[in-house]
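A.B. asks: My questions concern the predicted model and sequence given below.
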Amino acid sequence: MSATKTYFISGASRGLGFGYAKTLLASSPNVRIVAGARNPSNATQLRQLATEYPQRVHVVAWDVDDEDQVKAAASQLAQDDFVRERGIDSLIVNAGVFQGGHTPPAEMSMDDLRANFRTNVEGAIHTVRYLLPLLNQGHAKQIFFISSICGSMQGFYSESAAGVTYSMSKAALNMYGVKLARELGDKGFTVVLLHPGYVKTDMNKFDGGGNLTTEEAVTLATENVFLPATPEWNGRYMDYEGKTVPW
């Protein structure tokens, strides 16, 4: 029998985060999910998912914009029977925002820049920092950052002046992920930066964007990245099809 594998997914109440949770649960009866949500009381889909998969879904309050809340939630989670003895095997750092739309540098707002960095960079750092003890306790030791092609210096989006504040935040996230991979690689960790695709989610609704449905994006990412990932992938920047993304 395959060993049980426990994933923690931030931003799991909707969009890609919820899709990843649902698809991973369906992939194997040995998968368990700790679903982080900013406001669990409003997470109707997550509560329904927990009903569909009894004893395999654990919902926790997880507001990545609030370091004190994340720290307290991680401490409480470490005492919970759901993870106390086995830890967390795989972390999917998914919570993120897209503030400022396609605004170019000459028109960028510092408020948009701070909002993107607060959630996409600082929030990711808080999530990793306070869950690292539980990841050390797990057997897979995987960290997946949901990044974006927008953070690539060579990707197609870099050929446009648009979306500067969001792109800057994802480029910063990529650097943090690479540095983390260098720090933790010798300890058996696999750290991957993942471009999830241009997905038809609420984040892209402002411009009617997206060429992938959420179902397509989460299925491809699960099949091509989450499930087959090995330690040899540590430090890679990949897309949902498992292809290398240029830095």
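C.D. replies: Thanks, I have it. Numbers count the residues shown, from 1 in each chain.
A.B. asks: measure F145 to V178 for me?
C.D. replies: F145 sits 10 Å away from V178, going by Cβ to Cβ, to the nearest Å. The C-beta positions use only the backbone N, C-alpha and C, and glycine is treated the same way.
A.B. asks: quick one: which of those two has more around it?
C.D. replies: Neighbours of F145 and V178, each counted by other Cβ atoms under 10 Å, are more numerous for F145; the result is 27 against 17.
A.B. asks: Could you check the pLDDT of that one?
C.D. replies: pLDDT recorded at F145 is 99.
A.B. asks: what do you get for A140?
C.D. replies: So, for A140, pLDDT stands at 98.
A.B. asks: For my notes, confirm it occurs in a helix.
C.D. replies: No. A140: not assigned to a helix; according to DSSP: H, G, I helix; E, B strand; the rest coil it is coil.
A.B. asks: which phi and psi does it have?
C.D. replies: phi -80, psi -40 (degrees, to the nearest 10).
A.B. asks: hey, what's in contact with both of F145 and V178?
C.D. replies: 191, 193 (Cβ atoms under 8 Å, 6 or more residues apart in numbering).
A.B. asks: and N174, how far is that from A181?
C.D. replies: 11 Å.
A.B. asks: go on, P196?
C.D. replies: 19 Å.
A.B. asks: So between those two, which is more surrounded?
C.D. replies: Using other Cβ under 10 Å, the more surrounded residue of P196 and A181 is P196, with 26 against 20.
A.B. asks: Phi, psi for the more buried one please.
C.D. replies: Dihedral angles for P196 - degrees, to the nearest 10 - are phi -80, psi -10.
A.B. asks: my read: it touches C150, true?
C.D. replies: No. Here P196 lies out of contact with C150, judged by Cβ atoms under 8 Å, at a distance of 11.2 Å.
A.B. asks: With adjacent residues omitted, what lies nearest to A124?
C.D. replies: V93 (4.8 Å; Cβ to Cβ, 6 or more residues apart in numbering).
A.B. asks: Would you agree R84 is in contact with A78?
C.D. replies: Yes. Shown here, R84 and A78 form a contact pair, counting by Cβ under 8 Å, at 6.7 Å.
A.B. asks: higher neighbour count, these two?
C.D. replies: Under the criterion of other Cβ under 10 Å, the comparison of R84 against A78 puts A78 first, with 16 against 12.
A.B. asks: Could you check how far the more buried one is from R86?
C.D. replies: 12 Å.
A.B. asks: and A73, what is it in contact with?
C.D. replies: Taking Cβ under 8 Å, 6+ apart as the test, what A73 contacts is 36, 60-62, 130.
A.B. asks: most surrounded residue in those?
C.D. replies: G36 (33 neighbours).
A.B. asks: Just the buried positions in the helix or strand A73 falls within, please.
C.D. replies: Using DSSP states H and E, A73 falls within helix 67-78. Neighbour-count burial for helix 67-78, counted by 16 or more other Cβ atoms under 10 Å, picks out 67, 70, 73-74, 77-78.
A.B. asks: would you list those residues in CSV and tack on pLDDT and distance to G11?
C.D. replies: Formatted as CSV, the buried residues of helix 67-78 follow (pLDDT from 0 to 100; distance: Cβ to Cβ, whole Å):
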residue, pLDDT, distance to G11
E67, 98, 16
V70, 98, 12
A73, 98, 14
A74, 98, 16
L77, 98, 16
A78, 97, 21
